[in-house]
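A.B. asks: here's my sequence, what's the structure:
(one chain, ligands or ions: 1)
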Amino acid sequence: MLHSAEVLLLDIYDLQENDRIVTWLSPIHGKVRGVARGARRKYSRFAGALQPLAKARVNWFHREGRDLARVSGVELLRPARRLQSDLEGILLGGYLAGHVLEFAQENEPSERLYRLLDATLESLLAGVDRKIAARYFEAWTLRLAGIFPTPTECPECGRGLAEGAVLARGDDALVCPACSPSGRHVSAATVGFLQRIRFESIAKVAEAPPAPATLDEIEAVCGRIRRSFLQHELKSYRVMQETLCSPFRI
Ligand SMILES: [Zn+2]
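C.D. replies: Reported below is the predicted structural model:
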């Protein structure tokens, strides 16, 4: 079957001598993997258009029962060069794509996840603070996956969480301190951020940004909930941490 859609390119790697394997997210088709034949040749019709995290119009052919689609055309709509121009940006881009590769499904409409990634990239390309964008994106990805709802009240007793919460044992929900005397304490500021993003865009959050310590706490809480759900860490996160925290960093 022939398809054509506006998509976000997630991952591109070389296959054999001349070809590339491309994975993208389509709002209608979910995650799709296809082969771009001849894409490594110098004068390929795909030349320059296959960039990770770019927005593109892709035409592809997918035969029933086949794993891989066949890419027949790619038109670049929004390059992601600004994000790919330094090491930190490349690692962050890999982290965003890593989430989507893990959480998006094949043959499953992914309109909200698509819109989240699209809006996050748009903000990053416009120069928004990268940490705010990353925290916003990771919290929303967990929310869209249905594993980390907005913490408004304690799921155990219904008490409000405005004064802070506790990450319950098992690292899978925020409850009130009365319901879980042990566990990791989560500040009111972090709960506030998780409530704000329900109604605010990244740009809006960036206008009144959380304190650096709050951003660190959001990263830690989301990381624990993500790991508890996946039962492993995203490889892109490990790579980012190891590279950016390395004493040998150039
Ligand atoms: Zn409670």
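A.B. asks: is residue 55 bridged to anything, and to what?
C.D. replies: Residue 55 has these beta-bridge partners by DSSP bridges: residue 8, residue 78.
A.B. asks: for it, give its distance to residue 217.
C.D. replies: Using Cβ to Cβ, to the nearest Å, residue 55 is found at 32 Å from residue 217. For glycine as for every other residue, the C-beta is placed from the backbone atoms N, C-alpha and C.
A.B. asks: are we agreed that residue 41 is in a strand?
C.D. replies: No: looking at residue 41 with DSSP: H, G, I helix; E, B strand; the rest coil, it is coil, so not inside a strand.
A.B. asks: all helices for the chain, in order.
C.D. replies: Along the chain, the stretches classed as helices by DSSP state H are 87-103, 111-125, 130-144, 188-196, 202-207, 212-230, 235-245.
A.B. asks: output the fifth one as CSV, nothing but the C-alphas.
C.D. replies: Included here for helix 202-207 are C-alpha records, laid out as CSV according to Å, rounded to 0.1, in the frame of the first residue of the first chain:
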residue,chain,number,x,y,z
ILE,A,202,7.0,25.0,26.7
ALA,A,203,7.4,28.7,25.9
LYS,A,204,4.9,29.7,28.6
VAL,A,205,6.8,27.5,31.2
ALA,A,206,10.0,29.1,30.1
GLU,A,207,8.6,32.6,30.9
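A.B. asks: residues touching the closest residue to residue 81 other than its chain neighbours, list them.
C.D. replies: The shortest distance from residue 81 to any non-neighbouring residue, by Cβ to Cβ, 6 or more residues apart in numbering, is to residue 51 (7.3 Å). By Cβ atoms under 8 Å, 6 or more residues apart in numbering, the residues touching residue 51 are 9, 12, 76, 79, 80, 81, 84.
A.B. asks: show the buried residues in the residues you listed.
C.D. replies: Buried members of the contacts of residue 51, counted by 16 or more other Cβ atoms under 10 Å: 9, 12, 76, 79, 80, 84.
A.B. asks: closest to residue 153 among the residues you listed?
C.D. replies: Distance to residue 153 across the buried ones among the contacts of residue 51 (Cβ to Cβ) is lowest for residue 80, with 38.7 Å.
A.B. asks: count of neighbours near the closest residue to the closest one other than its chain neighbours?
C.D. replies: Leaving out its chain neighbours, the residue that sits closest to residue 80 by Cβ to Cβ, 6+ apart is residue 53, at 3.9 Å. For residue 53, the neighbour count with other Cβ atoms under 10 Å is 27.
A.B. asks: skipping adjacent residues, who's closest to the residue nearest to the spatial centre of the chain in space?
C.D. replies: Centroid-nearest residue in the chain, with Cα atoms, centre = their mean: residue 96, separated by 3.3 Å. Take residue 96 and drop its neighbours on the chain: the residue closest to it by Cβ to Cβ, 6+ apart is residue 137, 6.0 Å away.
A.B. asks: next up, the contacts around the one you found.
C.D. replies: Going by Cβ under 8 Å, 6+ apart, residue 137 touches 96, 99, 116, 117, 120.
A.B. asks: so which bits of the chain are right by the ion?
C.D. replies: When proximity is defined as Cβ under 5 Å from the ion, the chain approaches the ion at 154, 156, 157, 159, 176, 179.
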